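**Q** Show me the folded form of this:
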Amino acid sequence: MTRHYNFCAGPAALPTAVLERAQREMLDYQGRGLSVMEMSHRSDEYVAIAEKAEADLRSLLAVPDNYRVLFTQGGATQQFAAVPYNLLGQGGTANFVETGIWGKKAIQEARHLFGGAHVAASSVANGHTAVPSQEAILLSDDAAYLHVTPNETIGGLAYDYTPRGLRADGVEVPLVADLSSTILSGPLDVSDYGIIYAGAQKNIGPAGLVLVIVRDDLLDRARGDMPTLFSYRELAAAGSMINTPATYSWYLAGLVFEWLKDDIGGLAAMDAINARKSEKLYAAIDQSTLYSNPIAVANRSRMNVPFVLADERLDSDFLREADAAGLLNLKGHRSVGGMRASLYNAVPEAAVDALVAFMADFEQRRG
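**A** Numbers count the residues shown, from 1 in each chain. Coordinates of the predicted model:
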C-alpha cells in the first residue's frame, strides 16, 4: 500500500497513526466484540469515548470552565444559521467582517433568515488580499455580535490579529469565529471569543462533525422559533446527544486529540511544525519566477496556500505531473482557479519538502 501526500482543503488528510489505530479497532473495540460504528451512543463504552474526547480538547485549548463544548452535525455552513438563531433573541443586528467567500456566505444566510446583516468591514476593495484593520471595523449601533472568518480557506487570507467587536457606545459585543481551517493548528485564547465553531474535516477529523465552543452567558440569547437541534442550550443540556450524533466521527476526533497531545506534544509544538511547513512553501513561491501568491505577507494563511502559474496554460500539466508524483489535490477552488496547497496538521513536513522539490523541477523544465 502506498500513501500519497494529500493537500486537499477538505475532507483533508488524517494522521496516519490515527488511521492505523482506527483500523486496529475497527472490528473489535477494546475487546467488546463490535465496532465503534455499531455502538449505542448511550452505552457506557461510547459515553466514555465522548467524554474523553471533550476532556482532551479542553486540555489542548485550555477551554475555560464557563464555556460549553458541543459536538454537533450539519457542517460549519449550518452554523451560518445557528449562530444568529442563538444570538438574536434579544434583538439587534448580526455584524460581519467579510474577507472572502465563506464570510460572504455567512452574511447571505443571516440576510436570508432575518432580513438584514451589517457588514462592519470588508476586504472586497483590495480583492481579498489583505484583512481590514481593527480601526476599519465599524459596527452598527445595535450590533448583537461580530462574526469573523479568521482564515478564508479558498482565498488563503488570514488575520494577523484578533478583532474586537466594539460599538460606538463603548459596548463590546461577542466575537464569533468560523475557525474551521485553523482550529488546533496552534495555541488559541478561547476567552477572546463568545462562540467558536469549526467543521471537523480539516484539523479535527473526518467530515460529519462540527465543533462548537460557546460561552455560558450566551446560552440565553436565543430566538424562540428556532429548530431544537440548532439550540446551543439544548445541545449543552443533552451532552450533544439530542439525537444520535456522528458517533464514528466523534470517536476519530478523539483519536486526533490524543495524537496532538501524546505524539505531537501539544499545540505549541504543532504551531512550530506548521510555521516551518508554510515558510518553506512561501519561500519557494517568492523565490520563483513561475509561481506567485497575491496575499499581503502579513495576512498569508499558514493552512491554505494558493498560488498561480505565470502561464496558466501550464496548469493542467502541473496538476497531472503532480498527481503522478503522489502530490494530490493541488487544484485551486473552482471560484478562483490556480493551485492551492492545504497544509493542515496531518500533512507532514516531508509532504511540503516533496512539493517544493517538485515545483522547482517543474519550473526548471517548463518555466
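
**Q** The closest residue to Asn86 other than its chain neighbours is in what secondary structure piece?
**A** In this structure, Asn86 finds its nearest non-sequential neighbour in Ala222, 4.7 Å apart by C-beta to C-beta, 6 or more residues apart in numbering. Quick note: C-beta positions are derived from backbone N, CA and C, even for glycine. Taking DSSP states H and E as the definition, Ala222 sits outside all helices and strands.

**Q** Give me the distance between Ala222 and Asn151.
**A** To Asn151, Ala222 is 27 Å away according to C-beta to C-beta, to the nearest Å.

**Q** now Leu229
**A** Using C-beta to C-beta, one obtains 27 Å as the distance from Leu229 to Asn151.

**Q** Of these two, which one has the most company?
**A** Comparing Leu229 with Asn151 by neighbour count (other C-beta atoms under 10 Å), the higher total belongs to Asn151, at 27 against 14.

**Q** For the more buried one, list the residues it contacts.
**A** With contact taken as C-beta atoms under 8 Å, 6 or more residues apart in numbering, Asn151 is in contact with 157-159, 179, 181-182, 301, 303-304.

**Q** need those in TSV with pLDDT and distance to Ala62, can you?
**A** Compiled in TSV, the contacts of Asn151 are given as follows (pLDDT from 0 to 100; distance: C-beta to C-beta, whole Å):
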residue	pLDDT	distance to Ala62
Leu157	97	27
Ala158	98	22
Tyr159	98	20
Leu179	98	15
Ser181	96	21
Thr182	98	16
Ser301	98	24
Met303	98	21
Asn304	98	25
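
**Q** Just send those residues back as a markdown table, with distance to Leu328, neighbour count and secondary structure too.
**A** Converted to a markdown table, those look like this (distance: C-beta to C-beta, whole Å; neighbours: other C-beta atoms under 10 Å; DSSP: H, G, I helix; E, B strand; the rest coil):
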| residue | distance to Leu328 | neighbour count | secondary structure |
| --- | --- | --- | --- |
| Leu157 | 24 | 28 | strand |
| Ala158 | 23 | 22 | strand |
| Tyr159 | 29 | 21 | coil |
| Leu179 | 25 | 23 | coil |
| Ser181 | 18 | 30 | coil |
| Thr182 | 22 | 25 | coil |
| Ser301 | 19 | 25 | coil |
| Met303 | 17 | 26 | coil |
| Asn304 | 15 | 29 | strand |
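
**Q** Determine which two of these are furthest apart.
**A** Farthest apart among the contacts of Asn151 by C-beta to C-beta are Leu157 and Leu179. That separation is 14.3 Å.

**Q** Find the residue closest to Phe230 in space, skipping its chain neighbours.
**A** Among residues not flanking Phe230 along the chain, Ala82 sits closest, at 4.4 Å (C-beta to C-beta, 6+ apart).

**Q** and that neighbour, how many neighbours does it have?
**A** Residues lying near Ala82 (other C-beta under 10 Å) number 26.

**Q** same question, Gly91
**A** Gly91: 8 surrounding residues under other C-beta under 10 Å.

**Q** Show the contacting residues for it.
**A** Contact partners of Gly91, counting by C-beta under 8 Å, 6+ apart, are 142, 144.

**Q** ok, now how distant is it from Arg223?
**A** 10 Å.

**Q** Show me what the longest helix along the chain is packed against.
**A** The helix that spans the most residues within the chain, counting by DSSP state H, is helix 267-286. Taking 3 or more C-beta pairs under 8 Å, 6 or more residues apart in numbering; DSSP states H and E as contact, the helices and strands that helix 267-286 lies on are strand 291-292, strand 304-309, helix 349-366.

**Q** can you do 6 Å?
**A** Contact partners of helix 267-286 among helices and strands, from 3 or more C-beta pairs under 6 Å, 6 or more residues apart in numbering; DSSP states H and E: helix 349-366.

**Q** CA-only coordinates of the helix it packs on, as CSV, when you get a sec.
**A** What follows is helix 349-366, C-alpha atoms only, in CSV (Å, rounded to 0.1, in the frame of the first residue of the first chain):
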residue,chain,number,x,y,z
GLU,A,349,6.7,18.3,6.7
ALA,A,350,8.0,15.7,4.3
ALA,A,351,5.0,16.4,2.0
VAL,A,352,5.9,20.1,1.8
ASP,A,353,9.5,19.2,1.1
ALA,A,354,8.3,16.9,-1.8
LEU,A,355,6.0,19.6,-3.1
VAL,A,356,8.8,22.3,-3.1
ALA,A,357,11.2,19.9,-4.9
PHE,A,358,8.5,19.1,-7.5
MET,A,359,7.8,22.8,-8.1
ALA,A,360,11.4,23.6,-8.6
ASP,A,361,11.9,20.7,-11.0
PHE,A,362,8.7,21.7,-12.9
GLU,A,363,9.9,25.3,-13.2
GLN,A,364,13.3,24.3,-14.4
ARG,A,365,11.7,22.1,-17.1
ARG,A,366,8.7,24.1,-18.1
